[in-house]
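Asks: Could you look at this predicted model? Sequence included:
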Amino acid sequence: MGKEKKCDVLVVGAGVSGVAAAVAAARSGMRTMLVEKDSFLGGTGYSGLLQHICGLYLNGKTMQEETLNDGIVREIVSRLYQLSPRNKIKKIGQVYVLPYSREYLASVFNSMCRAEDKLTIMFNAAAVSVNKVGDKVVEVGLDQSGTAHKIFPRVLIDCSGDGEAAFMAGADYKLSPASKRQLAGFIIHLKGLNTGDETLPVKVPYYLSKAASAKLFPSYIRFTVFSFGEAPGEGFLKINPGHENSRSIRVISNRAENMLRYLSEKLPSFRDAYIDGASLRVMDREGRRPIGEYTLTEDDILNAGKFDDGVVKNSWPIELWDRKKGTLYKYLKDGEYYEIPFRCLKVKGISNLLCAGRCISVSHEALGSTRVMGTCMSLGEQAGLASAYYIENGRYPHEGRK
Ligand SMILES: Cc1cc2nc3c(=O)[nH]c(=O)nc-3n(C[C@H](O)[C@H](O)[C@H](O)COP(=O)(O)OP(=O)(O)OC[C@H]3O[C@@H](n4cnc5c(N)ncnc54)[C@H](O)[C@@H]3O)c2cc1C
């Protein structure tokens, strides 16, 4: 038997943005529900086998140890430091990142959520319908392992990554054609590497490119990135399929096995390497972007745009995973940052619907910068705070500002 429940704030999706949104709303005194179709917190940040949290720091010649945004993101970083003091901010090329382990991130998220008595979490619960009356969301249907539930929220926050709730609510959205969409990603965790060869990050793509040209593998294999892990003998292969390729885990896992076999023939460092784990699924870098009251552009980012309703700061470059050219970077000037206006979170035409995380209102190019985890966490927090303000005051805190 399904249940009907009322709440103040309903957050769809428990990725890094959804956890931050739900904790911020609950801490503001709102009866908050966080619904997640998988069975864990952290979304891509947990299931993707990523190595670094990006978008936390100001990029420039001088390292700033303090995060660019304060609030929940700073708390998450400080809790991660406590659990693993060895994982310190580091510079890769022109950017600063925080190495992290997904187990510690999950532990931090779980303890933050558990501390909030106004927060209820439902796992294995997918939002499957959104009903509106006039310009307001009134009801969200859930399917929790075959049981239907109805939730009646005062504010709905879409943190699904793909704008799923906004789509179901009938919001307009942008979705780049498959030919333009950023490459998706699938990460393989390797152990047993005979390390010592520091040139592997260059050699691996070189050999895989040759193999792709010889048609041993599909052409997207040439965009594969290799990086070392923190532990001896550990490495990661980031495979980046285009959207026309199979997303079947079986197909991509078989391909990874074949790539490893090929690499072990070419490179002695790979001779004893084995696959210790892989992303849960092929992960999208780009999906639906519901249209908000403002759409952030490449110019806003590269000109370090500031706004009266700017709520999140970001210094991460535009990082586009292009299906023809591979990774392309466009950097802000040294030591500069831009702001994301609240209007990018406020879905156009639906008064009580906000988006946060990867699915805010930005252009295809701008998404290359806003989608990183540090930024998504701060966006989630701002959505949670704004929803509480809206419920208490009947308007958003930044309304009318540009
Ligand atoms: C290959 C790849 C590599 C990346 N590398 C990095 C990196 O190194 N560093 C970095 O900072 N960022 C990286 N990113 C970007 C970053 O991981 C994501 O953009 C970010 O984690 C998105 O967070 P989110 O909370 O918006 O969404 P997600 O993490 O996608 O979370 C959305 C959650 O919503 C849930 N959901 C979806 N629909 C529903 C529904 N209908 N009902 C209930 N739940 C639902 C999903 O199950 C998921 O848990 C990478 C991305 C990719 C694809």
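Replies: All right, it came through fine.

Asks: Residue of the stretch 151-300 of the chain closest to the ligand, please.
Replies: Nearest residue of the stretch 151-300 of the chain to the ligand, counting by C-beta to the nearest ligand atom: residue 185, 2.1 Å away. In short, each C-beta sits where N, CA and C put it, glycine included.

Asks: pLDDT (mean, whole number) over the longest strand belonging to the chain?
Replies: In the chain, with assignment by DSSP state E, the single longest strand is strand 147-158. For strand 147-158, the mean per-residue pLDDT is 98.

Asks: What strands flank it, and is each parallel or antiparallel?
Replies: Counting by DSSP bridges, the strands paired with strand 147-158 are strand 4-12 (parallel), strand 136-144 (antiparallel), strand 353-355 (parallel).

Asks: The ligand: which of those strands is closest?
Replies: strand 4-12 (5.0 Å).

Asks: Beyond the longest strand of the chain, next helix or strand please.
Replies: If you walk from strand 147-158 toward the C-terminus, the next helix or strand you reach (DSSP states H and E) is helix 164-168.

Asks: ok, the nearest residue to residue 54 once chain neighbours are set aside - contacts?
Replies: Closest residue to residue 54 in three dimensions, ignoring its sequence neighbours and counting by C-beta to C-beta, 6 or more residues apart in numbering: residue 372, at 3.9 Å. By C-beta atoms under 8 Å, 6 or more residues apart in numbering, the residues touching residue 372 are 53-55, 316, 319.

Asks: same thing with residue 271?
Replies: Under the criterion of C-beta under 8 Å, 6+ apart, the contact list for residue 271 reads 194, 264.

Asks: How far off centre is the longest strand of the chain?
Replies: On the basis of C-alpha atoms, centre = their mean, to the nearest Å, the separation between the geometric centre of strand 147-158 and that of its chain is 22 Å.

Asks: what does stretch 309-323 give?
Replies: Centroid separation between stretch 309-323 and its chain, computed with C-alpha atoms, centre = their mean, is 12 Å.

Asks: got the CA positions of it in PDB?
Replies: What follows is stretch 309-323 as a C-alpha-only set of coordinates in PDB (Å, rounded to 0.1, in the frame of the first residue of the first chain):
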ATOM      1  CA  ASP A 309      21.700  37.700  -7.200                       C
ATOM      2  CA  GLY A 310      25.000  35.800  -7.500                       C
ATOM      3  CA  VAL A 311      24.800  33.000  -5.000                       C
ATOM      4  CA  VAL A 312      27.700  30.600  -5.900                       C
ATOM      5  CA  LYS A 313      31.300  31.500  -6.900                       C
ATOM      6  CA  ASN A 314      33.200  29.300  -9.300                       C
ATOM      7  CA  SER A 315      36.700  29.500 -10.800                       C
ATOM      8  CA  TRP A 316      36.700  26.100 -12.600                       C
ATOM      9  CA  PRO A 317      37.500  26.500 -16.300                       C
ATOM     10  CA  ILE A 318      35.100  25.500 -19.100                       C
ATOM     11  CA  GLU A 319      36.100  21.900 -19.600                       C
ATOM     12  CA  LEU A 320      34.400  20.400 -22.600                       C
ATOM     13  CA  TRP A 321      34.600  16.700 -23.600                       C
ATOM     14  CA  ASP A 322      34.200  17.200 -27.300                       C
ATOM     15  CA  ARG A 323      33.400  14.100 -29.400                       C
END
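
Asks: Next, count neighbours for residue 138.
Replies: Under the neighbour criterion other C-beta atoms under 10 Å, residue 138 is assigned a count of 14.

Asks: Now do the same contact list for the closest residue in space to residue 95 that isn't next to it in sequence.
Replies: Taking C-beta to C-beta, 6+ apart as the measure, residue 95 lies nearest to residue 59, with 5.1 Å between them; neighbours along the chain are not counted. The contact partners of residue 59, taken as C-beta under 8 Å, 6+ apart, are 94-96, 315-317, 331-332, 334-335.

Asks: Which helix or which strand is home to residue 59?
Replies: For residue 59, no secondary-structure element claims it when assigned by DSSP H and E, so it is in no helix or strand.

Asks: quick one on the thing from earlier: the residue of the stretch 151-300 of the chain closest to the ligand pairs with what?
Replies: Residue 185 has these beta-bridge partners by DSSP bridges: residue 283.

Asks: which residues touch it?
Replies: Applying C-beta under 8 Å, 6+ apart to residue 185 gives the contacts 48, 238-241, 279, 282-283, 285, 321.

Asks: From the contacts of residue 372, list the buried ones, please.
Replies: Applying a neighbour-count criterion of 16 or more other C-beta atoms under 10 Å, the buried members of these are 53-55, 316, 319.

Asks: Mind checking what secondary structure residue 391 has?
Replies: For residue 391, the secondary-structure state derived from DSSP: H, G, I helix; E, B strand; the rest coil is helix.

Asks: For whichever residue of the stretch 301-402 of the chain sits closest to the ligand, grab the count of nearby residues.
Replies: Among residues of the stretch 301-402 of the chain, the one nearest the ligand by C-beta to the nearest ligand atom turns out to be residue 357. It sits 2.3 Å away. Residues lying near residue 357 (other C-beta under 10 Å) number 32.

Asks: what sits against it?
Replies: Taking C-beta under 8 Å, 6+ apart as the test, what residue 357 contacts is 13, 15-18, 159, 161, 376, 379-380.
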